[in-house]
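# Sequence and predicted model, in that order:
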Amino acid sequence: MEIQVRRQQRLVNLHDQENANVFKGKSNAILPIKRQGLTARGALGDLNTNAQAQRDIAIGKVAVATAEYEKKATLNRATIKSNYSHVRSKIDTGLAVTKPTIQPSSRPPLRREESTAGLAAKAAARTKAVLKETQQNKTNDEKTLKPRIQSQDSKKPSRLSAVNEDAKPVLKEPTESLGKLKLAESVKQDKLKKKHPPLPLDVEDIDASDNNSPLLMSCYIKDIYHYLTELELKYSIEPDHLKEQSEISGRMRATLIDWLVEVQRQFSLVLETFQLTVGIIDRYLQAVPNVQRNQLQLVGVTAMFLASKYEEIYAPEVGDFVYVTDNTYSKADVFQCERDIMSKLGFCLARPIPLSFLRRFVKAAHGTSKNHHLAKYFVDLSLVEYSMAHYRPSELAAAALCLSLHLLSRKTLEEVWTPTMTYYSQYTLEHLDPIIRKIANVVVNVKNSKYKSVYNRYLDPKLAKVSALPELKEGAIEELAKIPSTTYL
């Protein structure tokens with residue numbers, strides 16, 4: 001009997017030892033565990049029972065940790081509620097906030113005026129109280145304050161007198177300066193009256209209707225054109241100005257300008273740019289003797305490059321001018337020639353162009369747009385001719401307009417060139433007659449000339465096709481080209 005009991009105890013001890021080795025990883029055998037409170041249903045039953053117990057323990061730990069986290073969160077919410085209660089009206093935190101109960105008042109809310117009125121009433125009450133106190137103090141301490149006031153009064157006149165003495169010259173200076181200013185204005189007005197005498201009775205005031213337009217500058221327009229006249233005399237071109245050139249002739253100049261007309265047309269430049277270009281070329285060739293023949297085209301494109309920067313809103317790049325020369329010159333050559341031209345011309349490109357005077361003269365003649373385009377055509381033809389390069393821009397503009405008015409109106413030159421035109425252009429018909437006949441000669445011979453760029457450009461419908469007008473093919477202009485210029489002398 002004892003032997004059987006010992007065997008059972010050994011078996012139980014053996015099972016417990018092997019099961020412990022399984023959990024420690026020392027054996028691969030799975031044996032049932034026999035413990036108190038568990039029924040021996042096999043290895044799987046025992047193992048499942050142990051895993052469920054461990055799972056229950058883990059769930060219990062998670063529940064405890066969750067409860068502690070919720071407790072901390074509530075504490076944090078309470079601190080947030082207490083610290084940021086002043087911004088609850090701006091930010092909705094989503095928390096239930098207990099708002100203080102406010103007893104509604106029967107009186108409506110105060111307006112802004114009422115609130116300020118209450119403040120003003122309080123301020124007025126304070127001032128009244130302060131005044132009363134000061135009056136009482138004044139009656140009580142009148143004897144003590146009286147000598148102090150007398151001493152202060154005795155000091156005040158000296159200070160005021162010093163200030164007045166210092167202020168006397170300050171008051172005198174503005175009156176003197178105003179007097180000088182009025183005197184200067186009167187002198188200036190007298191000078192203007194002497195400079196611009198009243199118009200003759202047979203001369204129309206073409207600026208009378210422009211007094212209300214600030215863009216037309218009717219107050220300064222006469223001074224402006226007087227200044228332009230001085231500039232064209234200052235920067236004048238001499239007759240036969242290429243006489244100092246050993247390699248460049250008038251034909252080469254005409255060839256260059258005729259080619260520049262095509263460049264201006266290709267780049268869509270304004271007419272002011274072309275006329276200013278011709279002026280720059282003539283001034284440079286007059287100032288610099290012995291310009292080489294292979295440098296003449298470089299001078300031409302550089303002059304147009306300068307004129308386009310002076311007149312155009314969007315000037316072509318220097319590479320464009322290099323391209324039209326078929327890369328004969330480089331950008332560095334153009335820049336070097338630009339510096340040379342500007343230094344020789346004294347960095348001044350303010351020489352007037354014929355178009356500036358032509359606008360003024362067309363206004364004085366009450367001419368049409370057709371008269372204006374035809375006069376521009378005559379001016380551009382004259383710029384190509386070397387024999388007419390020495391004429392002043394105002395002379396070319398006046399002669400071209402006179403011829404345009406004569407051809408389109410079928411009136412005589414005497415009828416066209418009125419005293420008003422003589423006054424505003426400052427040229428008589430006798431002075432303009434030889435220039436008119438030279439222009440007529442150029443227009444008649446343009447068909448046989450090899451310089452036809454100007455003629456082709458004015459075939460544009462935007463310019464009214466004035467180069468193909470029938471008036472330029474009739475006998476009136478041919479007669480002017482044949483008759484000698486001594487008719488009005």
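Done, it's in. Numbers count the residues shown, from 1 in each chain.
# Point to the helix or strand of this protein where mean pLDDT is at its lowest.
Every helix and strand of the chain was ranked by mean pLDDT, DSSP states H and E. The lowest is helix 142-195, at a mean of 50.
# which SS class is Arg219?
Quick fix: residue 219 reads Cys, not Arg. coil (DSSP: H, G, I helix; E, B strand; the rest coil).
# What score does it have for pLDDT?
Listed pLDDT for Cys219 reads 87.
# about what we covered before: toward the C-terminus from the least confident helix or strand of the chain, list the very next helix or strand.
The C-terminal neighbour of helix 142-195 among helices and strands, as given by DSSP states H and E, is helix 221-234.
# Can I get the one helix or strand Phe357 maps to as CSV, trimmed to CA atoms?
Element membership for Phe357 (DSSP H and E) is helix 354-365. Taking C-alpha atoms only, helix 354-365 is exported to CSV below (Å, rounded to 0.1, in the frame of the first residue of the first chain):
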residue,chain,number,x,y,z
PRO,A,354,10.9,119.0,-88.8
LEU,A,355,7.9,117.1,-87.4
SER,A,356,7.8,119.2,-84.3
PHE,A,357,7.4,122.4,-86.3
LEU,A,358,5.0,120.8,-88.8
ARG,A,359,2.4,120.0,-86.2
ARG,A,360,2.3,123.6,-85.1
PHE,A,361,2.1,124.9,-88.7
VAL,A,362,-0.7,122.5,-89.6
LYS,A,363,-2.7,123.8,-86.7
ALA,A,364,-2.1,127.4,-87.7
ALA,A,365,-3.2,126.6,-91.3
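# quick check: mean pLDDT across that helix?
For helix 354-365, the mean per-residue pLDDT is 96.
# Which strands and helices lie in contact with that helix?
Here helix 354-365 touches helix 221-234, helix 271-287, helix 369-384, helix 393-409, helix 419-425, going by 3 or more CB pairs under 8 Å, 6 or more residues apart in numbering; DSSP states H and E. In this view, the C-beta of every residue, glycine as well, is placed from N, C-alpha and C.
# Need these in TSV (columns: distance to Ile206).
Compiled in TSV, those are given as follows (distance: least, CB to CB, whole Å):
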stretch	distance to Ile206
helix 221-234	9
helix 271-287	22
helix 369-384	15
helix 393-409	14
helix 419-425	7
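# and Tyr329, which of those helices is closest to it?
Of all those, helix 271-287 sits nearest to Tyr329, with 15.8 Å by CB to CB.
# right, and the helix or strand after the closest one?
Past helix 271-287, the next helix or strand by DSSP H and E is helix 296-311.
# residues making contact with that following helix?
248, 252, 256-257, 259-260, 263-264, 267, 269-270, 272-274, 276-277, 280-281, 284-285, 291, 315-316, 318, 321-322, 324-325, 328-329, 333-334, 337-338, 341-342, 349 (CB atoms under 8 Å, 6 or more residues apart in numbering).
# same question, stretch 227-234
Residues contacting stretch 227-234 (CB under 8 Å, 6+ apart): Ala350, Arg351, Pro352, Ser356, Phe357, Arg392, Pro393, Ser394, Gln426.
# Among the residues you listed, which one lies nearest to Met217?
Nearest to Met217 out of the contacts of stretch 227-234 is Ser356 (CB to CB; 13.7 Å).
# how is this protein carved up into domains?
2-72, 236-344, 354-482 (automatic domain parsing).
# now the end-to-end length of the longest one.
Taking CA to CA, to the nearest Å, the first and last residues of domain 354-482 lie 26 Å apart.
# The helix or strand hosting Val334 vs helix 271-287, what angle?
Taking DSSP H and E as the criterion, Val334 maps to helix 331-344. For helix 331-344 against helix 271-287, the angle by axes from the mean of the first three to the mean of the last three CA atoms, to 10 degrees is 70 degrees.
# same for helix 331-344, what does it pack against?
If you count contacts as 3+ CB pairs under 8 Å, 6+ apart, helix 331-344 packs onto helix 271-287, helix 296-311, helix 318-324.
# Turn the ones you listed into CSV, columns for mean neighbour count.
Formatted as CSV, the helices and strands packed on helix 331-344 follow (neighbours: other CB atoms under 10 Å):
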stretch, mean neighbour count
helix 271-287, 22
helix 296-311, 22
helix 318-324, 16
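# Can you say which of those is nearest to Asn456?
helix 271-287 (14.1 Å).
# Also compute the angle for the closest one relative to helix 393-409, please.
Between helix 271-287 and helix 393-409, the angle comes out at 130 degrees (the same axes, to 10 degrees).
# Using JSON lines, please lay out the contacts of stretch 227-234 together with neighbour count and distance to Asp207.
What follows is these, written out as JSON lines (neighbours: other CB atoms under 10 Å; distance: CB to CB, whole Å):
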{"residue": "Ala350", "neighbour count": "12", "distance to Asp207": "23"}
{"residue": "Arg351", "neighbour count": "20", "distance to Asp207": "25"}
{"residue": "Pro352", "neighbour count": "22", "distance to Asp207": "19"}
{"residue": "Ser356", "neighbour count": "17", "distance to Asp207": "16"}
{"residue": "Phe357", "neighbour count": "26", "distance to Asp207": "16"}
{"residue": "Arg392", "neighbour count": "19", "distance to Asp207": "23"}
{"residue": "Pro393", "neighbour count": "26", "distance to Asp207": "21"}
{"residue": "Ser394", "neighbour count": "23", "distance to Asp207": "18"}
{"residue": "Gln426", "neighbour count": "13", "distance to Asp207": "16"}
